[in-house]
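Participant: compute the structure for the input listed below.
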Amino acid sequence: MPPKTFCASLFARGKSKHVPVELAIVIVNWNGGELLRRSLQSVAQFPPSLPFEIVVVDNASTDGSRAWLESLGDRVRLIKNDENQGFGRANNQAFAATDAPLLFLLNSDAEVQRGAIDMLVETINSDERIGVVGPRLINPDGTLQASVWRNPVTPFETVANAFRLYKLMPRGLRGRLLLGYHWDHATRRRAQLLSGAALLVKRNLIDEVGGFDERFHMYGEDTEWSLRIVRAGWLMIFEPRAVVLHHGGQSSRKRWSDLEKRRTEYEGFFRFQRLCLSRRLALANLLTGCFVTLTHYLWQRLRGRPVEESKLVLKLHAAELKRTLLANSREPADGPAQVVKRTL
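Facilitator: I've put the predicted structure just below:
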């Protein structure tokens with residue numbers, strides 16, 4: 001779609017010089033390419049009914065997507081970084097660049113469906129205690145993409161999933177206890193962790209608890225933020241009526257190999273544990289992780305299957321376990337950008 005036509009469609013019901021913006025749609029882009037275009041086109045096709053603006057933070061893209069965003073002119077507020085600042089810091093830049101009372105965080109590989117944003121707005125405005133609302137996510141083939149999880153994870157969940165002990169539980173009980181792919185995501189409920197692919201957030205919440213912790217470059221930052229939000233007394237709500245299609249993991253596939261991505265995921269998880277969990281729970285999770293991974297590694301070897309990933313994960317767990325046993329305290333809690341200040 002030519003830029004001018006795209007912009008006219010996108011902002012036909014968007015921001016006006018005479019109407020205060022009530023919603024900022026925040027997108028972090030790194031080499032989003034065609035998926036970024038489809039994400040913005042979905043907003044153009046199914047826009048919210050309230051005045052909105054779009055803030056895109058480009059993390060030094062090299063695939064031509066930054067040039068395409070620039071061609072949209074002032075219809076999209078574009079923040080251009082000279083290097084990849086990571087997911088959390090880039091979102092914080094967007095938080096500081098707008099004073100909209102509602103912010104909709106949308107991945108560059110996610111596409112809103114009809115009425116999704118309005119349904120999220122309706123839910124978040126239904127109770128002043130609600131600070132975050134997340135939609136039902138679907139894969140490109142229409143199947144469910146799990147987006148509601150327990151937070152923090154416990155040894156019980158790790159063992160139940162790793163050894164498939166959940167099969168001993170009735171399906172309903174399994175869903176309530178373990179969530180994730182064990183739950184059908186069919187009803188509205190409170191949540192402790194929602195997928196960061198699409199989240200509607202109140203500005204008041206960000207002013208109170210701060211934005212993303214910038215010590216996390218990628219992976220773990222949404223888990224830490226969610227726990228901080230819940231601990232501050234805000235409610236996180238899953239709203240199944242709102243649907244967003246999420247392609248999932250596209251940026252990471254362009255950036256890392258499978259093993260590099262796995263390493264980055266675990267580094268983020270371990271950092272989350274050091275920052276947020278008691279030493280007792282962190283040790284319990286690490287010991288459980290070592291046991292589960294060692295069992296999987298030995299089983300794969302016996303079957304003549306590749307063991308590179310299991311070997312890497314076991315090594316990471318062992319190193320983190322040693323670090324935790326030797327440490328006397330957690331990392332300091334005063335990380336950068338815990339509180340986001342507006343620049344307007």
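
Participant: after the helix or strand harbouring residue 262 comes which helix or strand?
Facilitator: Following DSSP states H and E, one finds residue 262 within helix 258-276. Using DSSP H and E, the helix or strand that directly follows helix 258-276 along the chain is helix 279-302.

Participant: list the buried residues for that next one?
Facilitator: 282, 284, 285, 286, 288, 289, 290, 292, 293, 296, 297, 300 (16 or more other C-beta atoms under 10 Å). From N, CA and C alone the C-beta is placed, and that goes for glycine too.

Participant: can you get me a residue count around the residue lying closest to the last one once chain neighbours are set aside?
Facilitator: Going back to what we said before, that points to residue 300. Closest residue in space to residue 300, ignoring its immediate chain neighbours: residue 307 at 4.8 Å, by C-beta to C-beta, 6 or more residues apart in numbering. Neighbourhood size, residue 307 [other C-beta atoms under 10 Å]: 16.

Participant: and the pLDDT at residue 307?
Facilitator: In this prediction, residue 307 carries a pLDDT score of 90.

Participant: do the same with residue 260
Facilitator: The model's pLDDT for residue 260 equals 89.

Participant: ok, it - how many residues close by?
Facilitator: With neighbours defined by other C-beta under 10 Å, the count for residue 260 comes to 12.

Participant: state the distance from it to residue 82.
Facilitator: 23 Å (C-beta to C-beta, to the nearest Å).

Participant: ditto for residue 207
Facilitator: 28 Å.

Participant: looking at these two, which has the bigger crowd around it?
Facilitator: The neighbour count for residue 207 versus residue 82, taken as other C-beta under 10 Å, is higher for residue 207 (14 against 7).

Participant: tell me where the model's unsure across the stretch 151-300 of the chain.
Facilitator: 249-256 (pLDDT under 70).

Participant: try the stretch 1-150 of the chain
Facilitator: Ranges of the stretch 1-150 of the chain meeting pLDDT under 70: 1-18.

Participant: quick one, strands of it?
Facilitator: Remark: strands assigned in the stretch 1-150 of the chain by DSSP state E, counting those that start in this stretch are 23-29, 52-59, 77-81, 102-106, 110-112, 130-138, 144-145, 148-149.

Participant: next, format the ones you listed as TSV and append mean neighbour count and distance to residue 242.
Facilitator: Shown next, in TSV, are those (neighbours: other C-beta atoms under 10 Å; distance: least, C-beta to C-beta, whole Å):
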stretch	mean neighbour count	distance to residue 242
strand 23-29	26	14
strand 52-59	23	16
strand 77-81	17	24
strand 102-106	25	11
strand 110-112	24	8
strand 130-138	24	4
strand 144-145	16	14
strand 148-149	21	13
